[in-house]
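Below is the structure, and that's it, no one-letter string:
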């Protein structure tokens, strides 16, 4: 129990620090008034502009000290109110924008994670059981290529080959299509994110499997006359999954990072492409909200993995 | 990877038996040589650096000039030819020379970023590992905070707050490498701080400064050096990602920007794939070379994965 409380407290502390730093950086390095009003913010001699400035200051509490503003923002944020967008007259509110876009990104990331796992496990089993053979060496080379390939380059190559040349996959995402075709449109983007991640997973799981396959109980199982396939799936896989689970959690960051680029290339209006747009428009409430959502998701997933891990392997609790 | 490579030779599950790789002298020799692949990669990296450095002095085409062809080839983009090795983009600009010029920014950013990361992350990591106590706690917490963002998200957030110049983009990407480098430096320092030669140095009255500079640094620098090549690859990819999203050095030609130009709109990629694909190849081979060389170096220097 104490172990879990410690973990949860650490996660909360971490998120508070992250939000304070992000909020502070945006308000100190950026100029909120200018972002809200544009050039009018500097026009202090014109009474009309001054009126606008006063109104904006009152509306966004800009005259309060930074700490107070952080407190206000934080209490709003945890209640689900993420403020208004600076650009486009503040409409729709940031929380509505997020509500519309987050499910798409979540679907994409989840789909990618599933694909990565589904690709990595059979791949690792196949290569680990033939370690050192030609097929294994070719596969090792392929993982190297996949890991070195930047995701935007991979996206373009896959899009060119599968969508443009072969015509098997849809080119872009259309937000108004029915659910089934939207899911189909997500397959190629998800695959783009999943392939390099699958390569990382495979590399790790293969190493662990090879270590497990050298254990005596595997020899025992083989000596009893069990088939190689059965030994591989039933005896070797489970004890090899420990570090795999951790890495699956840790790699969520890579998935989210990948989704930003992929959403832009395949025109999926998720929070990743929204982040890029709002950075270019200097719309800080949106940037702040998205950065916080990503950080919360990232920290929560790692907390979950920690807890899951301690259930599977009680030794780490001490 | 060091374990993986050895294990490739070691395991034969068909008869259930296993040999220990460390027993075989031949394997030890393989491990202790960098191999021709490593030198091939270094060769490619050096070639890129030289070409990037000499780009303005080589007699290649002006990267910003428009080479409109009047002899009946129609409208640009033109495909690869003897005149334009990598073809031209839709403004008839030469992609070969633009790719070489792109190397200037991409490689500089990669180099400055990892140099900054090594300097700051390395210093913080060594000090934290050496002094421990509250300083170590604070520094370690800072590393955890830095690592609690997906790196691309952190980079995008930071670029939103600054003027995007060559220096600032490099430093932003440098900030990203502080935590991984710092953790490695801290772990290696912890590993050496209790060794006899450090105790001996302290016994004969060496100052902290001297112990850190003369006893610890030479040992910690080795694994960090192996990480540097990998870190440079990561920084180059990250810069490419930023440039692709339009968030890198303003008005600069970088590989990511060229690739973005080649894939924008709905028909550019379809009708003139060379615009995106030549920069992709060059970027890919450079990143692959850095990754491979870094990996070999790490195996060669026997840096343990667990220390990372």
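It's in. From a predicted model like this one, the values you see are computed outputs, not experimental measurements.

max-length helix in chain B?
In chain B, taking DSSP state H as the definition, the longest helix is helix B:95-131.

That helix near chain A anywhere?
No. Applying Cβ under 8 Å from any Cβ of the partner chain, one finds helix B:95-131 separated from chain A by no less than 11.1 Å. Heads up, the C-betas are built off the backbone N, CA and C, glycines and all.

Going by contacts, tell me the helices and strands next to that helix.
helix B:35-54, helix B:133-147, helix B:166-193, helix B:217-244, helix B:255-263, helix B:274-301 (3 or more Cβ pairs under 8 Å, 6 or more residues apart in numbering or on different chains; DSSP states H and E).

The shortest one packs against which elements?
Applying 3+ Cβ pairs under 8 Å, 6+ apart, one finds that helix B:255-263 makes contact with helix A:151-158, helix B:95-131, helix B:217-244, helix B:268-271, helix B:274-301.

Tell me which of the ones you listed lies nearest to residue A:276.
helix B:217-244 (9.8 Å; Cβ to Cβ).

That closest one: which residues count as buried?
By 16 or more other Cβ atoms under 10 Å in any protein chain shown, the buried positions in helix B:217-244 come out as B:217, B:220-221, B:223-224, B:226-244.

Near chain A, list only the ones from those residues.
Applying Cβ under 8 Å from any Cβ to these, those adjacent to chain A are B:233, B:237, B:240, B:241, B:244.

Run a quick check on the fourth one versus residue A:261, I expect a contact.
Yes. At 5.7 Å, residue B:241 counts as touching residue A:261 under the criterion of Cβ atoms under 8 Å.

Give the intersection of the neighbour lists for these two.
Between them, residue B:241 and residue A:261 share these contacting residues under Cβ atoms under 8 Å, 6 or more residues apart in numbering or on different chains: A:151, A:152, B:152.

could these go into TSV alongside distance to residue B:250?
TSV is the format used below for the shared contacts of residue B:241 and residue A:261 (distance: Cβ to Cβ, whole Å):
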residue	distance to residue B:250
A:151	23
A:152	19
B:152	19
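
Now list the buried members of those.
A:151, A:152, B:152.

still on that earlier bit, least reliable of the helices and strands packed on helix B:95-131 going by mean pLDDT?
For the helices and strands packed on helix B:95-131, mean pLDDT drops lowest on helix B:255-263, to a mean of 82.

what's the burial count for whatever residue of the stretch 1-150 of chain B ends up closest to chain A?
Nearest to chain A, among the residues of the stretch 1-150 of chain B, is residue B:150, at 3.6 Å (Cβ to the nearest Cβ). As a burial measure, residue B:150 scores 24 neighbours (other Cβ atoms under 10 Å in any protein chain shown).

residues contacting the closest residue to it other than its chain neighbours?
Distances taken as Cβ to Cβ, 6 or more residues apart in numbering or on different chains place residue A:253 nearest to residue B:150, at 3.6 Å, with adjacent residues excluded. Residues near residue A:253 by Cβ under 8 Å, 6+ apart: A:298, B:149, B:150, B:151.

pretty sure residue A:253 is in a strand, no?
No. Checked against DSSP: H, G, I helix; E, B strand; the rest coil, residue A:253 lies outside a strand; its state is helix.

Nearest residue to residue A:22 in space, ignoring adjacent ones along the chain?
Using Cβ to Cβ, 6+ apart, the nearest residue to residue A:22 is residue A:291, at 5.6 Å.

Now do the same contact list for that neighbour.
By Cβ under 8 Å, 6+ apart, the contact set of residue A:291 is A:22, A:275, B:149, B:153, B:157.

Now do the SS call for the last one.
It refers to residue B:157. On the basis of three-state DSSP, residue B:157 is classed as helix.

Can you pull the phi/psi pair for the residue lying closest to residue B:100 once chain neighbours are set aside?
Using Cβ to Cβ, 6+ apart and skipping residues adjacent in sequence, the residue nearest residue B:100 is residue B:55, 4.7 Å away. When read as degrees, to the nearest 10, the backbone of residue B:55 gives phi -50, psi -50.

burial measure for residue B:55, as a count.
When neighbours are counted by other Cβ under 10 Å, residue B:55 registers 17.

If I follow the layout properly, it ends up in contact with residue B:105?
No. Using Cβ under 8 Å as the test, residue B:55 is too far from residue B:105 to be in contact (11.0 Å).

Could you tell me how many residues sit around residue 71?
Unless you meant another one, I'm taking chain A. By other Cβ under 10 Å, 12 other residues sit near residue A:71.

To clarify, I was referring to chain B.
Neighbours around residue B:71, by other Cβ under 10 Å: 4.

just to revisit the earlier point, report whether the residue nearest to residue A:22 is found in a helix, as I expect.
Yes. When three-state DSSP is applied, residue A:291 is found to be in a helix.

residue contacts, the closest residue to residue A:74 other than its chain neighbours?
Once flanking residues are discounted, residue A:74 sits nearest to residue A:19: 6.5 Å by Cβ to Cβ, 6+ apart. Counting by Cβ under 8 Å, 6+ apart, residue A:19 touches A:70, A:74, A:77, A:292, A:295.

what's the spacing between the closest residue to the third one other than its chain neighbours and residue A:187?
What that stands for is residue A:77. Nearest residue to residue A:77, sequence neighbours excluded (Cβ to Cβ, 6+ apart): residue A:292, at 6.8 Å. With distances taken as Cβ to Cβ, to the nearest Å, residue A:292 is found 29 Å from residue A:187.

Give me the more crowded residue out of those two.
When neighbours are counted by other Cβ under 10 Å, residue A:292 comes out ahead of the other of residue A:292 and residue A:187, with 19 against 16.

Verify the stated contact: the more buried one with residue A:74.
No. Contact criterion Cβ under 8 Å: residue A:292 and residue A:74 do not qualify, at 9.7 Å.

and residue A:215, how many neighbours?
14.

which ones are touching the closest residue to residue B:114 other than its chain neighbours?
Nearest residue to residue B:114 in three dimensions, chain neighbours excluded: residue B:231, at 4.1 Å (Cβ to Cβ, 6+ apart). With contact set as Cβ under 8 Å, 6+ apart, residue B:231 has these partners: B:113, B:114, B:117, B:118, B:177, B:180, B:181.

right, and the fourth one touches residue B:182 too?
It refers to residue B:118. No. Here residue B:118 does not reach residue B:182: they are 9.6 Å apart, not a contact under Cβ under 8 Å.

the more surrounded of the two?
When residue B:118 and residue B:182 are compared for neighbours, residue B:182 comes out ahead with 28 against 23, by other Cβ under 10 Å.

where along the stretch 151-300 of chain A do the helices fall?
Counting by DSSP state H, counting those that start in this stretch, one finds helices in the stretch 151-300 of chain A at the ranges A:151-158, A:179-213, A:216-223, A:228-230, A:242-250, A:252-265, A:271-280, A:284-312.
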